[in-house]
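Colleague: Requesting a structural model of the entry that follows:
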Amino acid sequence: MATKQVLGNNIVECQIVIEGKLYDCSKWREHHPGGAIILDKYHNRDATDVFYAFHGEDGFKKLSDMKSLEFPTEVDPLSADFRSFRMKLESEGWFNSSLAWYTYKTTETIGITLLGLTLGCLGHWFIGAILMGLGYQQLGWLAHDYCHQQVFKNRKLNNFFAYLTGNILSGLSVNWWKDRHNSHHAITNVLDADPDLENLPLFSWDKHDFPTIPTRWGASTLIPHQHLYFLPWTMTLKIIWNLQSFFWNKRKQSAALQKLVTTELTCLYIHHLGVFFVCWYSMGSLSATLAFIAIAEFIGGAGIANIVFMNHYACEQVNQADSKNATFVELQLQTTRNIEPSVWMNWFSGGLNLQVEHHLFPTMPRHNLMKVRPLVQQFCKEHNLPYCSLPWSECMSGVLKKLAQLSALYREHKATVLSGGPLSPSIKLRRGNHDNTAW
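Modeller: Numbering: from 1, shown residues only. The predicted structure follows:
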C-alpha cells in the first residue's frame, strides 16, 4: 500500500483493508457520515474489526458498492477467534433490538425531562431542576444509543431520534458527538489520537502532555491541583459540551457534515431558546429562570461525568506505535473497564457501566449487554485477556489517584525544568490497573 498521506491534487489519500480487500477511500472520506478522522486513522491498515464494530446493514451495502482490489492479509489467531465470536453473537440475535423496550425507555426519559420542566414552570423549580438535570443525563445515554445505530436497522430513523433526544431535547450536537466519539471508540486511549484525552488546560492524563502544558493558557497553574477540583468541575461538563456543540458547528467540516450544520444549529437554538423563554414566561423572573437552568445543567453534567470518566481515564494510555501493534480486541480490553452492574447502576449509567461489552460491540442494543456479559468474560478467560470490572467507588478512586499522581509528577517536572536539573525517577506513575478481574 502507498504510504503517502496527501496527494498533489489536495485529495487526502486514504486506503484501508477490510476482509482481505483494499478500498481507496480518498474521495469517499469527505462524504463519510462518521467523519474523515476515523478513516484517516486507519490509512494503510486493516480496519476489518473497526468496520464491523460501527456498521450495520446500510454500511455493508455501501461497502459492497465500492470498488476494491484483492489484498490478502494474514489474520492473527486472536482476531480470527474474535470475529468468529462476533458472528456467533450475531447469529444468536444479540444485535437485534427490542422496539418495545426502546419505546418504553424513550418515553420514560422524555417524560422525566418534561416533568422536571413542568414542575419548574408550576413553581416547584428546585425539584423540577433536579429532575430535568436527571432527564438531561438520561437523554445523553439515549442519544448515544441512537447515534450508535442500536435501535433501528434504518440509519435515517436512528438519526432522526438522535437529533430529537440530542439536539432538540438536551442541546447537544449529534454530529459533534459522532465525530469525537467514533474516533474515541476506534483508537481508545491512544495518545495524540483519542480526542477524549485532549483535556488541557484542565486535566492531564499522561506525562506525555508535560512538554505542551506551558503552551496552554493556565495549564501550568491548574494541573498541579487537578485532583482537587475534578469533582466540583464535573458539574460544568454539560455546559462545556453545549459550547463545544455550537463552536464545532461553526467550523468548516467535511462535505458530509457541512450539509447538516444549518439543521444542527437550528435544533440547538430551538432547545436553548425554547427552554429559556418557557421558563421565563412561566416563572416571571430572570433570576429564577437562570437558577433553574443552571441547576439542571449542573445536575446533568455531574450525572454524565461521573459515569464517562470512570471507564477509561484511570486505565493505561497507549502510544501510537503500540496501538498499531495491538489487535482491536486487545486495545479495547487494555484501555477499558466496567463499573460493577446492579439494577440501579444499569439504569443510572444507561448501560455504559458495561463499557467493555459496549466497546467490543458498539452497535449492540443496550438491553442485551448484561446478557452477553458472561459470554464476553468467558472469551477473555479462554484467551487470557484482561476483563476489568470494579465498583463505582474504586473507579472513582482510580481516577482521583491518577490525577493526584500526575499532579505530583508534574510539580516535580516543573521544579526540575526551572532548576535545570535532570528529572528524578522517584515518583512512579501508576498505569492502568487490571488486577481486579471479575469473571
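
Colleague: low-scoring stretches of the stretch 1-150 of the chain, by residue?
Modeller: 1-11 (pLDDT under 70).

Colleague: Now do stretch 173-191: distance to the chain's middle.
Modeller: Relative to its chain's centre, stretch 173-191 lies at 6 Å (CA atoms, centre = their mean, to the nearest Å).

Colleague: For it, output the C-alpha coordinates as PDB.
Modeller: What follows is stretch 173-191, C-alpha atoms only, in PDB (Å, rounded to 0.1, in the frame of the first residue of the first chain):
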ATOM      1  CA  SER A 173     -24.800  18.400  18.800                       C
ATOM      2  CA  VAL A 174     -25.200  14.900  17.400                       C
ATOM      3  CA  ASN A 175     -22.600  15.300  14.700                       C
ATOM      4  CA  TRP A 176     -20.100  16.900  17.100                       C
ATOM      5  CA  TRP A 177     -20.600  13.900  19.300                       C
ATOM      6  CA  LYS A 178     -20.200  11.400  16.400                       C
ATOM      7  CA  ASP A 179     -17.100  13.000  15.100                       C
ATOM      8  CA  ARG A 180     -15.400  12.800  18.500                       C
ATOM      9  CA  HIS A 181     -16.900   9.600  19.900                       C
ATOM     10  CA  ASN A 182     -16.400   7.400  16.900                       C
ATOM     11  CA  SER A 183     -12.700   8.300  16.900                       C
ATOM     12  CA  HIS A 184     -12.600   7.500  20.700                       C
ATOM     13  CA  HIS A 185     -14.000   4.000  20.000                       C
ATOM     14  CA  ALA A 186     -11.600   3.200  17.200                       C
ATOM     15  CA  ILE A 187      -8.500   4.500  18.900                       C
ATOM     16  CA  THR A 188      -9.400   4.300  22.600                       C
ATOM     17  CA  ASN A 189      -6.800   5.900  24.900                       C
ATOM     18  CA  VAL A 190      -4.300   6.300  22.200                       C
ATOM     19  CA  LEU A 191      -2.100   9.400  22.800                       C
END
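
Colleague: what is the mean pLDDT for that stretch?
Modeller: Stretch 173-191 shows a mean pLDDT of 90.

Colleague: Could you do stretch 321-336 as well?
Modeller: Mean predicted lDDT for stretch 321-336 stands at 91.

Colleague: which parts of it are buried?
Modeller: Neighbour-count burial for stretch 321-336 flags 323, 326-336 (criterion: 16 or more other CB atoms under 10 Å). C-beta coordinates here come from the backbone N, C-alpha and C atoms, glycine included.

Colleague: which other residues reach stretch 15-33?
Modeller: Applying CB atoms under 8 Å, 6 or more residues apart in numbering, the contact partners of stretch 15-33 are 1-2, 7, 11-14, 36, 38-40, 42-48, 51, 63, 66-73, 155, 178, 254-256.

Colleague: how about it: buried residues?
Modeller: Neighbour count says stretch 15-33 has 15-18, 21-26, 29-30, 32-33 buried, by 16+ other CB under 10 Å.

Colleague: got it, and stretch 85-101?
Modeller: 85-86, 89, 94-95, 97.

Colleague: Which residue lies nearest the spatial centre of the protein?
Modeller: Closest to where the C-alpha atoms of the chain average out (CA atoms, centre = their mean) is His181, at 4.0 Å.

Colleague: Just to check, Trp233 is in contact with Leu202?
Modeller: Yes - if you go by CB atoms under 8 Å, Trp233 and Leu202 touch, sitting 6.9 Å apart.

Colleague: For the helix or strand harbouring Trp176, name the packing helices and strands.
Modeller: Using DSSP states H and E, Trp176 sits within helix 174-186. Counting contacts by 3 or more CB pairs under 8 Å, 6 or more residues apart in numbering; DSSP states H and E, helix 174-186 is packed against helix 37-41, helix 48-54, helix 125-147, helix 237-249, helix 261-283.

Colleague: Other residues contacting it?
Modeller: 33-35, 37-38, 41-42, 50, 53-54, 143-144, 147, 159, 162-163, 166-167, 193-196, 244-245, 248-249, 253, 257, 260, 264, 359, 362.

Colleague: again, but for stretch 114-123
Modeller: Counting by CB under 8 Å, 6+ apart, residues outside stretch 114-123 touching it are 125, 127-135, 275, 278-279, 282-283, 292, 296.

Colleague: repeat that for 6 Å
Modeller: 127-129, 131-132, 135, 282, 292 (CB atoms under 6 Å, 6 or more residues apart in numbering).

Colleague: One more: stretch 44-60?
Modeller: For stretch 44-60, using CB under 6 Å, 6+ apart, the contacting residues are 1, 16-19, 73, 149, 153, 155, 186, 328, 362-363.

Colleague: top helix in the chain by residue count?
Modeller: Ordering each helix of the chain by length in residues (DSSP state H) puts helix 392-419 first.

Colleague: what about it, distance to the chain center?
Modeller: Helix 392-419 has its C-alpha centroid displaced from the chain centroid by 23 Å (CA atoms, centre = their mean).

Colleague: For it, buried residues please.
Modeller: 392, 394-396, 398-400, 402-403, 405-407, 409-410, 413-414.

Colleague: Looking at the residues you listed, which is nearest Leu139?
Modeller: Nearest to Leu139 among the buried residues of helix 392-419: Trp392, at 21.2 Å, using CB to CB.

Colleague: Work out for me the element the nearest residue to Lys371 once chain neighbours are set aside sits within.
Modeller: Excluding the flanking residues, the one nearest Lys371 by CB to CB, 6 or more residues apart in numbering is Trp94, at 7.0 Å. For Trp94, there is no helix or strand it lies in under DSSP H and E.
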